[in-house]
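J.: sequence and predicted structure below; questions after.
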Amino acid sequence: MTGRPIEVGDTVRLSFGFADRSGEGDYEIIRVMPARESGERHYRVRGIDGRERAIGHNQIIVSKAKAKSPVSALKDDSERRL
């Protein structure tokens, strides 16, 4: 993982999946949470499916700075349809 600070709005990919594959894909950082006692940062993320998860910094393998996230793209698309 890069040393660049991760910020709200960044898009990340996780280093793990879930048995039911529900954790695959990109996530948008929606909140930077306080660091644990170990000093590791934690984040609240939202996937394209709308599910939110809390993850640790060590669970992130890719970070894209303020790129148009899949979540934001979905919101923009749904607003255009209204």
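T.: On my side now, so go ahead. Residues are numbered from 1 along each chain as shown.
J.: what helices or strands is the longest strand anywhere in the chain leaning on?
T.: Scanning the chain for the strand with the most residues, using DSSP state E, yields strand 26-33. On a contact count with 3 or more Cβ pairs under 8 Å, 6 or more residues apart in numbering; DSSP states H and E, strand 26-33 meets strand 11-14, strand 42-47, strand 52-56, helix 70-81. (Glycine included, C-beta is placed from N, CA and C.)
J.: that strand: partners in the sheet, and parallel or antiparallel?
T.: Using DSSP bridges, strand 26-33 pairs in its sheet with strand 11-14 (antiparallel), strand 42-47 (antiparallel).
J.: mean pLDDT lowest for which of the ones you listed?
T.: For those, the weakest mean pLDDT is recorded on strand 11-14, namely a mean of 88.
J.: who's in contact with that one?
T.: For strand 11-14, contacts defined as Cβ atoms under 8 Å, 6 or more residues apart in numbering pick out 6, 23, 25-29, 43, 45, 55, 59-64, 67, 69-70.
J.: restricted to buried residues, select those residues in PyMOL.
T.: In PyMOL syntax, the buried subset of the contacts of strand 11-14 is picked out as below (16 or more other Cβ atoms under 10 Å):
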select buried, resi 6+23+26+27+28+29+43+45+55+59+60+63+69+70
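J.: quick one: least confident helix or strand in the protein?
T.: helix 70-81 (a mean of 54; mean pLDDT, DSSP states H and E).
J.: quick one: low-confidence parts of this protein?
T.: Along the chain, segments meeting pLDDT under 70 span 1-4, 16-22, 65-82.
J.: put the alpha carbons of stretch 40-59 into CSV.
T.: The C-alpha trace of stretch 40-59 is given here as CSV (Å, rounded to 0.1, in the frame of the first residue of the first chain):
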residue,chain,number,x,y,z
GLU,A,40,-3.6,1.6,12.3
ARG,A,41,-6.1,3.9,10.6
HIS,A,42,-9.7,2.6,10.0
TYR,A,43,-12.2,3.6,7.4
ARG,A,44,-15.9,3.3,6.7
VAL,A,45,-16.4,2.3,3.0
ARG,A,46,-19.4,1.8,0.7
GLY,A,47,-19.5,-0.6,-2.2
ILE,A,48,-21.3,-0.4,-5.4
ASP,A,49,-24.0,-2.6,-3.9
GLY,A,50,-24.6,0.1,-1.2
ARG,A,51,-23.2,-2.1,1.6
GLU,A,52,-21.0,-0.3,4.1
ARG,A,53,-18.1,-1.9,5.9
ALA,A,54,-15.4,-0.9,8.4
ILE,A,55,-11.9,-1.8,7.3
GLY,A,56,-8.4,-1.3,8.5
HIS,A,57,-5.7,0.4,6.5
ASN,A,58,-3.8,-2.9,6.1
GLN,A,59,-6.8,-4.4,4.3
